[in-house]
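S.K.: need a 3D model of the following:
(2 chains)
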Amino acid sequence: MNKLLSANFTRLKKDVFLKLCIIFMFAIGALLPVLDYHVMITYEFPRYIDESFFSYTSFMVILFSAFCSLFIGTEYSDGTIRNKLIVGHKRMDIYLSNLTACIIAGVIMCIAYLIPYLLTGIPLLGFFIVDNISTIWIFLGCNLVLLIALAAIFTLVSMLNQNKALSAVICILGLFVLLMLGAMIEDGLNQPEYFEDYAYMDPETKELVIEPSTANPYYIRGTQRQIYEFLSDFLPGSQIIRLSAMDAPSPEILAMYSGIIAVATTSLGIFFFGKEDIK
Amino acid sequence: MDYVLTTNALCKNYRHFKALNGFSMHVPKGAIYGFVGKNGAGKTTLIRLICGLQEPTAGDYTLYGINNTDKKIKDSRRRIGAVVETPSIYLNMTAEENLKEQYRILGLPSFADIPELLKLVGLEDTGRKKAKNFSLGMRQRLGIAIALCGDPDFLVLDEPINGLDPQGIIEVRELILKLNRQKQITVLISSHILDELSRLATHYGFIDKGRLVKEISARDLENACRKCIRLEVSDMKVFTRVMDSLRLEYHVLSDTQADIFTKETITRLVLSLAKEGCEVLSLTERDESLESYYVSLIGGTEHE
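M.R.: Below is the predicted model of the structure:
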């Protein structure tokens, strides 16, 4: 396993796409606080460093899906996975070493964003305003577990599909499907139960009309709401949206579900990869 | 005889298609084993199985005496180098970087042997050129170099000269011969280019429809394919006495049939036999090449 990890890390160092991702993340990390500062100065609207600190998650995962599928897919397109199997490496070791390399690449992308964000953000916007700084650490930890879960999903797709282009398409499209599903669920859950009462002047009668509060027909109730809430906690697409906005009262539940996804997909992936006929 | 690889009634099914069907072969140590068969006969499937890329549906094989179901098979695999179908190389790396990567995969502590390996395959001057810019022959040789990382005793090459230009074919052929003669590496080489195989192989295995049709040494094959005159005679004892007296090389096939390998005028031959009271009942000239041997072996016109 160490030999495979050593070989994979060398590949990571030389990976042009990873370098481009790092540059992109670095640039975004440096730019976002500047934009926030610009908004704060121009519109005299208070902005805080907390607000965009985790916003990297939503666009980092898109790059990450492409990276994982291309990094692992190259093993199939160049045929080099055969070199590992022929010399007797276990399939499980090959799978786990590729997963580990993808996770490391994801962490590097995150760090590439966070460091410039803090370096430019703290001088411009000030320090975090959360009551307890441990909240930031908890959300960072949850983001890491989510990244591991996504790496596990992308590794599963890429290791079981010997066509690099198809893997990339499945990973990227799959991620967008998850994100859209997450957005729909969050939209459903954020619907207000009632439309508040409001008053307006009738232009014809010139009288003040008071409309009473009415129930929102799109508000989700009962079992359906419980299902939506579970999916919101469980699905990576929802987690991406919620964690990037720091909108999770119990982030540890999200991390637990991500952990379950990571373990389940990796176990399945190792099982099926062990039976796969490699061409 | 020591065998590097033996297979025992190997079967491999892809859904309802039987790629290998009770395939049994024996690759002797030190041999260049020419694995002959048409496209789709099952050559690559066998190579995939012995390289651990796929699992057999039924049957088994042993590598250096270790059965494929034994956990120690992974240790035997470390003694193998293989190029399966296309060379397995990272296209965005140089030749040297590719070899370093394979050294890391093998866990070799030093890269000191890499220049020698590059020289062996004639890629020592490629410098910073990426493998994606290599010619097909260069890629093939780099694939062989990767297969040679870790000093394997057994090299498996699947169609190594496919698509190569004449110069590339010569280079790969000379490399294989050099590896076999200088480093005593056993080579299993699959091909359907029979003329090329006949310049290399010390043993042959003929595969058709997933079955091994014939396994034969190059010497026996040469004897079988040599230009000769096949005679049917009335008295074999007289025939052998006459042949010995004429100092002609011959091979008795049955009580009435024999092959004569030396060129001899027919008149002198028949007169000599007639003089001793041996009648020549029939006489045919035989001139078989590896190709015609292969075609006759697997069914002649059915396969044309």
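
S.K.: in a helix, residue A:162, correct?
M.R.: No - when DSSP: H, G, I helix; E, B strand; the rest coil is applied, residue A:162 is found to be coil, with no helix at that position.

S.K.: that one against residue A:278, yeah?
M.R.: Yes - contact criterion CB atoms under 8 Å: residue A:162 and residue A:278 qualify, at 7.4 Å. C-betas here are computed from N, CA, C, even on glycine.

S.K.: contact residues of the stretch 1-150 of chain B facing chain A?
M.R.: Contact residues (CB under 8 Å from any CB of the partner chain) of the stretch 1-150 of chain B with chain A: B:14, B:48, B:51-55, B:73-78, B:80-82, B:84-93, B:97, B:100-102, B:104-107, B:146-147, B:150.

S.K.: could you pick out the buried ones from those?
M.R.: When these are checked for burial by 16 or more other CB atoms under 10 Å in any protein chain shown, the buried set is B:48, B:51-54, B:73, B:76-78, B:80-82, B:84-93, B:97, B:100-102, B:104-106, B:146-147, B:150.

S.K.: just the residues you listed: which are in helices?
M.R.: B:48, B:73, B:76-77, B:97, B:100-102, B:104-106, B:146-147 (DSSP state H).

S.K.: isn't residue A:57 right up against residue A:146?
M.R.: Yes - at 7.3 Å, residue A:57 and residue A:146 qualify as touching, with contact defined as CB under 8 Å.

S.K.: identify the contacts common to those two.
M.R.: Both residue A:57 and residue A:146 are contacted by A:240, A:243, under the criterion CB atoms under 8 Å, 6 or more residues apart in numbering or on different chains.

S.K.: between those two, which is the more surrounded one?
M.R.: Each of residue A:57 and residue A:146 has its neighbours counted (other CB atoms under 10 Å in any protein chain shown); residue A:146 has more, 27 against 24.

S.K.: which strand or helix spans residue B:212?
M.R.: strand B:211-217 (DSSP states H and E).

S.K.: mind checking how far the residue lying farthest from the centre of chain A is from chain B?
M.R.: In chain A, the residue that sits farthest from the middle, by CA atoms, centre = their mean, is residue A:205; the gap is 53.7 Å. Counting by CB to the nearest CB, to the nearest Å, the gap from residue A:205 to chain B is 76 Å.

S.K.: ditto for residue A:138
M.R.: 37 Å.

S.K.: what about that residue, how many residues nearby?
M.R.: 16.

S.K.: so it is in which element?
M.R.: Residue-wise, residue A:138 maps onto helix A:134-160 under DSSP H and E.

S.K.: tell me the mean pLDDT for the helix or strand just after that helix?
M.R.: Next helix or strand after helix A:134-160 toward the C-terminus (DSSP H and E): helix A:164-189. Helix A:164-189 carries an average pLDDT of 92.

S.K.: next, the angle helix A:134-160 makes with helix A:164-189.
M.R.: Computed with axes from the mean of the first three to the mean of the last three CA atoms, to 10 degrees, the direction of helix A:164-189 lies at 140 degrees from that of helix A:134-160.

S.K.: how far away is the residue of the stretch 201-304 of chain B found nearest chain A from residue A:192?
M.R.: Going by CB to the nearest CB, chain A is nearest to residue B:210 of the stretch 201-304 of chain B, at 15.6 Å. Distance, residue B:210 to residue A:192, using CB to CB, to the nearest Å: 68 Å.

S.K.: higher neighbour count, the two?
M.R.: Counted by other CB under 10 Å, residue B:210 and residue A:192 do not tie: residue B:210 has more neighbours, with 22 against 11.

S.K.: isn't that one right up against residue B:17?
M.R.: No - between residue B:210 and residue B:17 there is no contact under CB under 8 Å: 9.2 Å.

S.K.: what parts of the stretch 1-150 of chain A come near chain B?
M.R.: A:2-4, A:6-7, A:10-11, A:14, A:16, A:74, A:78-90.

S.K.: what about stretch A:70-87, how long is it end to end?
M.R.: 24 Å (CA to CA, to the nearest Å).

S.K.: next, the distance between the ends of stretch B:68-87.
M.R.: 24 Å.

S.K.: residues in contact with the nearest residue to residue A:93 once chain neighbours are set aside?
M.R.: Once flanking residues are discounted, residue A:93 sits nearest to residue A:1: 4.5 Å by CB to CB, 6 or more residues apart in numbering or on different chains. Shown in contact with residue A:1 (CB under 8 Å, 6+ apart): A:93, A:96, A:97.

S.K.: which stretches of chain A aren't confidently modelled?
M.R.: For chain A, no stretch is flagged by pLDDT under 70.

S.K.: packing partners of the longest helix along it?
M.R.: In chain A, taking DSSP H as the definition, the longest helix is helix A:91-125. Applying 3 or more CB pairs under 8 Å, 6 or more residues apart in numbering or on different chains; DSSP states H and E, one finds that helix A:91-125 contacts helix A:2-14, helix A:16-43, helix A:49-53, helix A:56-77, helix A:81-86, helix A:134-160, helix A:251-275.

S.K.: so residue B:33, which of the three states?
M.R.: strand.

S.K.: I'd guessed it sits against residue B:189; true?
M.R.: Yes - under the contact definition of CB under 8 Å, residue B:33 touches residue B:189, with a separation of 6.9 Å.

S.K.: anything in contact with each of these two?
M.R.: residue B:201.

S.K.: contacts for the strand holding residue B:212?
M.R.: B:21-26, B:202-207, B:224, B:297-298.

S.K.: try 7 Å this time
M.R.: B:21-26, B:202-207, B:297-298 (CB atoms under 7 Å, 6 or more residues apart in numbering or on different chains).

S.K.: show me which of those residues are buried.
M.R.: The buried subset of the contacts of strand B:211-217 (16+ other CB under 10 Å) comprises B:21, B:23, B:25, B:26, B:202, B:203, B:204, B:205, B:206, B:207, B:297, B:298.
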